[in-house]
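> Kindly return the folded structure for what I paste below:
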Amino acid sequence: MNTIESLINSLIWGPKEIKEKSAIELAKIGEPAIDHLLPLLSHEDGSVRILAALTLCDIGDGRLLDQFITFLKDNSTQLKKKAIEAIGKIGDPKTIDYLIGLFNDRDVHIRLSAIEALIKIGNASIEKLLNALKDESEVVRESAVYALGKIMDEETIPRLLPLLSDKNIYVRMAAAQAIANKGVIAIKTLVNLLKDKNETVREASTYALGEIGDKKTVSYIIEMLSDKDPFVKISAARALGKIGDERAVEPLIKLTNDKNMFVRMAAARALGKIGDERAVEPLLKLISEENAFVSMSAANALKELKENVFAHLLQ
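Coordinates of the predicted model:
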């Protein structure tokens, strides 16, 4: 009996630990083990079937692609995940529709694995992912946007802009993040969108500029602190805190007097991150507020501010 046959026997008849070790060794052997593993996919023992299938996925031979596609319908989450990984490594565009179909899967890990596989397939996925942006399912739209953010080019950015006003906040933020991933090339588009009539577009665009973090955009973001919409103000404060430019300190101090408690909290957090001593007195004022949430946010911000100031002195 040769090594492969011995390992196959161990995979079928051995105790659990031996089965698993045999599967690992068969995967290492690779292509020569395939013909011995395929018959086990119809074995009467379910654990043997799953182990054989998992091992084939680990081998990842492109000739088994159709078999991997059938595994996507299996009830085993582990097998589906392995099959997706194998498909991603093979990178055949014919699997794109199957992978996008998994965006509706209840298991977030399956959805994330499908996204990663599509990212590996690359540019061939773009058009079908753009079509998925029109799907009725918010989860599908969000997943498609996330994948596009990793693989799209500058020319694709305008196709994502309608998603900045999506009714679902997670889709909007995913679109903003995807655009932000393109970095400097997206700045001009985003700055223009700060004047959009739709407040959700202004909010998402401000968020995206914060994610890019280019200090050239600070003056534009500061203007958004005066927006009539509180969510835009919060997004702007968050962006300025992330960028950390001292030009934002005075405008943020002014924002600590806003009538909206969530805006005041966002201003406090941003001031804490920037770490400028000018913010100490306004934060102390917020700490004395009766509103416990505002007071706590200000206290945390003041603690962070002191840490940032101390860190700066040590440099």
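> what about stretch 113-132, average pLDDT?
What stretch 113-132 shows for mean pLDDT is 93.
> Could you do stretch 197-210 as well?
So the average pLDDT for stretch 197-210 ends up being 93.
> likewise stretch 85-104?
Here the mean pLDDT over stretch 85-104 is 96, rounded to a whole number.
> for Arg159, helix, strand, or coil?
Following DSSP: H, G, I helix; E, B strand; the rest coil, we place Arg159 in the helix state.
> Tell me how many other residues surround it.
When neighbours are counted by other CB atoms under 10 Å, Arg159 registers 15. In short, each C-beta sits where N, CA and C put it, glycine included.
> Contact partners for it?
130, 133 (CB atoms under 8 Å, 6 or more residues apart in numbering).
> distance of Pro162 from Ala279?
Look at Pro162 and Ala279: by CB to CB, to the nearest Å, they are 38 Å apart.
> who has more neighbours, those two?
A side-by-side neighbour count of Pro162 and Ala279, using other CB under 10 Å, places Ala279 first with 25 against 12.
> pretty sure the more buried one is touching Leu252, no?
Yes. A contact is recorded between Ala279 and Leu252 when judged using CB atoms under 8 Å, the distance being 7.4 Å.
> quick one: common contacting residues for those two?
Common contact partners of Ala279 and Leu252 (CB under 8 Å, 6+ apart): Leu271.
> Kindly state the pLDDT recorded for Ile222?
Here the pLDDT value assigned to Ile222 is 98.
> Same check on the one 10 residues further on?
Turning to Val232, the model gives it a pLDDT of 97.
> Quickly note the distance from it to Lys82.
As it turns out, when the distance is counted by CB to CB, Val232 lies 44 Å from Lys82.
> all helices for the stretch 151-300 of the chain, in order.
Assignment of helices within the stretch 151-300 of the chain using DSSP state H, counting those that start in this stretch yields the ranges 157-160, 169-180, 187-193, 199-212, 218-223, 230-243, 249-255, 261-274, 280-287, 292-314.
> An error on my part: the question was meant for the stretch 1-150 of the chain.
According to DSSP H, counting those that start in this stretch, the helices that the stretch 1-150 of the chain contains are 3-13, 16-29, 34-37, 46-59, 65-71, 77-90, 96-101, 108-121, 126-132, 138-151.
> Just give the number of residues close to Asp258.
The burial count for Asp258: 18, using other CB under 10 Å.
> Report the contact partners of it.
When contacts are counted by CB under 8 Å, 6+ apart, Asp258 touches 230, 233, 264, 267.
> make it 7 Å
Contacts for Asp258 (CB atoms under 7 Å, 6 or more residues apart in numbering) come out as 233, 264, 267.
> out of the residues you listed, which one sits closest to Ile287?
Arg264 (11.5 Å; CB to CB).
> Setting aside sequence neighbours, what's the nearest residue to Asn181?
Distances taken as CB to CB, 6 or more residues apart in numbering put Gly149 closest to Asn181, at 4.6 Å, once the chain neighbours are dropped.
> How much space separates that neighbour from Ile179?
For Gly149, the distance to Ile179 equals 7 Å [CB to CB].
> And for Leu7?
With the distance defined as CB to CB, Leu7 ends up 50 Å from Ile179.
> follow-up on the earlier one: turn the helices of the stretch 151-300 of the chain into TSV, including distance to Val139.
Rendered in TSV, the data for the helices of the stretch 151-300 of the chain read as follows (distance: least, CB to CB, whole Å):
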stretch	distance to Val139
helix 157-160	17
helix 169-180	9
helix 187-193	25
helix 199-212	18
helix 218-223	30
helix 230-243	22
helix 249-255	34
helix 261-274	27
helix 280-287	38
helix 292-314	31
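> for these, which one sits closest to Ser22?
When the helices of the stretch 151-300 of the chain are ranked by distance to Ser22, counting by CB to CB, first place goes to helix 169-180 at 42.3 Å.
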